[in-house]
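S.K.: just coords:
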């Protein structure tokens, strides 16, 4: 059993082969360090901008179920902030935030097996999903249409920094073909998770780790919500109202100790 | 490193020195097995009744913050029911459900260090807490007063089964003395966590493990709430309403993908 | 939003329509209460024996990855025992302990759609899985063969208590047919998760909740391991050795504060 | 109930009053965004460098108990990477990584109540802790002495960026006084958590949120370890060896399904 992640002596701390104090602190920002941890390589200046933007896309989505769960957990165990964040992260999954990996897996498999042109691959992928009546991961959004503004911005940054490659092209081509085949113009844009999946591919991050980016981003966002909960608490009100309503009483029973 | 918890061969499974198939399945109920796991001993018939009642006290408390957190987590990751339960359990802490250990610690320390009579110990404990302006763990309830009906029943069962010993007596004496000293008759009954703490002492369970009983009981209760969520979901409504209200819009924005 | 799980007044606590103090404490054991929580019904005497045995099967499996994770978490945060159990539960999944739901889903779907005889259903299920090169959930075990002794005992109890019905019959028939079709006599017995899946069907528990039984059972087992960790700790040794070995030093660096 | 964290329309996403696409993506790095989430303010260029360095200090500490727990959890549930990270985070606590809050609380309380000079405050704090036989949070390290190189670097960066204020001065003064009073020269340096606590104070971050920085940093580090686990797995070996040794057999029993 071996690990190359990090080690320490009395005077030095080494992470991924770099000296923490000399090479990381004051030099790498948190997103850069995440890139180093995940890929084993320091990002160059272009990768740094795009990867930080990818993570930033995942941080804050307002009052989601997972931040509600974290705030309710913090109400019960304020001495264990880490457990409240852990509770919130447990809500990442098939419904929310876990979908970038589907797009990345699709794109990595497409180029892994075939030498065909992008439009041929896109047509085949759309046809296969339509035949199986499966939704294509990374397309469509209930609110953001005909375009998801995050995708526009992320792909713009990718273009400026030399990361607008074949995976981004394929993801875009799949969206165009899916809208054409379903005759739904403007209804199946590449959404933020589709953009993130494509950019993970451009950065050579395996699809299995896409969800890790969501975990990192949401950890930041959940801590942010707990900071707001500390200043402006809502969890107790949320609980008391819900308890009263679900038990069918007109007013809360005064907050029985749960 | 050694462990005596369990091991297997091709034809046998041994747990705590018992044969799982011959000695446990069909013989020990789940509470009995929990007693065996925690203490290393099979409960006798009396311990079985009381210990199962103790765990049952901890199962269901209605729509608590921790079951709300579990339901919201299940909404996001229905494929990971275990993570929804884990999220709920993370809300056990200083506010809710984690308080039996305080009572048990107090009682175990009292008899650990002194040979004094029960009423002398009770008077000293109450005086010390009053001087330090610290609440006495295990006393008082916002709803259940002048008595907590769970305490009445648990101590009744303990009496019937020979487990109404010196720790129960001391817990009761502390309540009487605390009400007298504070001149608050009927306001500081032994609550359910105080009863559970005292009974853990009677069963020789270390105070550090009292919280484990809450964890076991709440695991059962949280799974129960997820079963109801499957039949009669409330998490999506709870989320959509909360998102709309906290963002100050009159109606929900249609459920942006979080 | 409504819930029927439980509510309280000053003098009563009602759970699932029963009075906690009068009808549950001293009457229902913990497994019975779990049945009530999950199904909304009190178990009869037969269901009680079988359901408690099912849960007991899931409690203790020796030094598994999930109890190791719980012990290591407890080392870092001994004040948050609930978080250590939560960490352990997060390891239930596709590799371990999450597989009973696959068997139950298969069995519930089989009888949900067809009026065919058991042996016809078994032949079709085996043929479909072989054609798709997918393993059949609930069959085979690396250690327990040609029979899993837990299955033998669980099905024996089911027979004694009138719960050896068509789902148990179908699970057994699938095992026989799978061994025949693969020409692997004694290699594909119904394992414990297959038995649990079949018995969940006999008790009308939806397949989505099978994993909940594992969660309940493992919660008990993890608390048991933390009790042993308190008496006989291994986590620190496990950590120091692993740190030393993975960092390639001959001896531990003295335990750098992580 | 109100929240100002974020909201969305069809064409815009607003976070903390900034437009995500125009003001955040490509502009703020992940550490900057974390600062915005926690404090509600964009960091200036100086705060950005120091805050990113603070978070980076918390990312990677080699093969800690919490990354071991995360790797073992990932072995059981590879489809739920988020749960493996959650399990790892649950191990933040009183033993590891949760200690910066103690230093920050001490420092915030010192300046909150008194107008005394730094050396007077330091002497009083050291005397009080010595009288109560309590260790002073943020001092000492088993490996890094007579100085913790991370502290040296963090305080150097703070000096370069105008954040070496009275809290840093007090933390240093406490270390000097503690070594003098205990007659332990070089044994009680300000460790990394002491440095982080002091810098949180300089940035006006409440002590209750210091642990949030550890959570963010460790989330990045745990995802990094899971990336290595994917390339170079150790969890199965770790489990099989530990199971064999703790059950007292000479070789692993072949990996019973847990």
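M.R.: In hand now; what should we look at? Remember, it's a predicted structure, so these values are computed and weren't measured experimentally.
S.K.: shouldn't residue A:118 be in contact with residue A:173?
M.R.: Yes - at 5.1 Å, residue A:118 counts as touching residue A:173 under the criterion of CB atoms under 8 Å. Bear in mind the C-beta positions are built from the backbone N, C-alpha and C, glycine included.
S.K.: how about the residues of the stretch 101-250 of chain A by chain B?
M.R.: In this structure, the stretch 101-250 of chain A approaches chain B at residues A:141-144, A:191, A:234-235, A:238-239, A:242-243, A:246-247, judged by CB under 8 Å from any CB of the partner chain.
S.K.: hmm, 6 Å instead?
M.R.: Those residues of the stretch 101-250 of chain A that sit near chain B, judged by CB under 6 Å from any CB of the partner chain, are A:142, A:143, A:239, A:242, A:243, A:246.
S.K.: who's in contact with the residue nearest to residue A:2 when sequence neighbours are not counted?
M.R.: Of all residues not flanking residue A:2 in the chain, residue C:246 sits nearest, at 5.6 Å (CB to CB, 6 or more residues apart in numbering or on different chains). Contacts here follow CB atoms under 6 Å, 6 or more residues apart in numbering or on different chains; on that basis residue C:246 touches A:1, A:2, A:3, D:63.
S.K.: switch the cut-off to 10 Å
M.R.: If a contact means CB atoms under 10 Å, 6 or more residues apart in numbering or on different chains, then residue C:246 has A:1-5, A:7, D:62-63, D:68, D:228, D:232, D:234, D:238 as its contacts.
S.K.: ChimeraX command for the buried members of the residues you listed?
M.R.: Buried residues within these, by 16 or more other CB atoms under 10 Å in any protein chain shown, are selected in ChimeraX with:
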select /A:3,4,5,7 /D:62,63,68,228,234,238
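S.K.: of all the contacts of residue C:246, which comes closest to residue B:24?
M.R.: Nearest to residue B:24 among the contacts of residue C:246 is residue D:238, at 28.8 Å by CB to CB.
S.K.: what is the mean pLDDT for the helix or strand where the closest one lies?
M.R.: Assigned by DSSP states H and E, residue D:238 falls within helix D:235-246. In this model, helix D:235-246 carries a mean pLDDT of 96.
S.K.: also stretch A:142-153?
M.R.: So the average pLDDT for stretch A:142-153 ends up being 91.
S.K.: check whether it contacts chain D.
M.R.: Yes - with CB under 10 Å from any CB of the partner chain as the measure, stretch A:142-153 is seen reaching chain D through A:142, A:143, A:144, A:145, A:146, A:147, A:148, A:149, A:150, A:151, A:152, A:153.
S.K.: now do the end-to-end distance for that stretch.
M.R.: Chord length of stretch A:142-153, first to last residue, is 19 Å (CA to CA, to the nearest Å).
S.K.: how about stretch A:123-143?
M.R.: 26 Å.
S.K.: what about the helices in the stretch 1-150 of chain A?
M.R.: Counting by DSSP state H, counting those that start in this stretch, the stretch 1-150 of chain A forms helices over residues A:30-39, A:45-57, A:65-76, A:81-89, A:100-113, A:118-131, A:149-160, given from the N-terminal end onward.
S.K.: which of the ones you listed has the lowest mean pLDDT?
M.R.: Per-segment confidence across the helices of the stretch 1-150 of chain A bottoms out at helix A:100-113, which has a mean of 89 in mean pLDDT.
S.K.: check which residues of that helix are buried.
M.R.: A:100, A:101, A:102, A:103, A:104, A:105, A:106, A:107, A:108, A:110.
S.K.: where does the closest residue in space to the second one that isn't next to it in sequence land in three-state SS?
M.R.: Right, residue A:101. Distance criterion CB to CB, 6+ apart; nearest residue to residue A:101, sequence neighbours excluded, is residue A:210 at 4.1 Å. In three-state terms, and counting by DSSP: H, G, I helix; E, B strand; the rest coil, residue A:210 is helix.
S.K.: re earlier: who's more crowded, residue A:118 and residue A:173?
M.R.: Between residue A:118 and residue A:173, counted using other CB atoms under 10 Å in any protein chain shown, the more crowded position is residue A:173 (21 against 17).
S.K.: looking at the residues of the stretch 101-250 of chain A next to chain B, spot the one nearest chain C.
M.R.: Distances from these to chain C were compared by CB to the nearest CB; the smallest belongs to residue A:246, at 4.0 Å.
S.K.: make JSON lines out of the residues of stretch A:142-153 next to chain D and add distance to residue A:30 and neighbour count.
M.R.: Conversion of the residues of stretch A:142-153 next to chain D to JSON lines gives the following (distance: CB to CB, whole Å; neighbours: other CB atoms under 10 Å in any protein chain shown):
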{"residue": "A:142", "distance to residue A:30": "31", "neighbour count": "12"}
{"residue": "A:143", "distance to residue A:30": "29", "neighbour count": "16"}
{"residue": "A:144", "distance to residue A:30": "27", "neighbour count": "23"}
{"residue": "A:145", "distance to residue A:30": "32", "neighbour count": "16"}
{"residue": "A:146", "distance to residue A:30": "34", "neighbour count": "12"}
{"residue": "A:147", "distance to residue A:30": "29", "neighbour count": "16"}
{"residue": "A:148", "distance to residue A:30": "25", "neighbour count": "26"}
{"residue": "A:149", "distance to residue A:30": "24", "neighbour count": "21"}
{"residue": "A:150", "distance to residue A:30": "20", "neighbour count": "25"}
{"residue": "A:151", "distance to residue A:30": "23", "neighbour count": "28"}
{"residue": "A:152", "distance to residue A:30": "25", "neighbour count": "15"}
{"residue": "A:153", "distance to residue A:30": "20", "neighbour count": "22"}
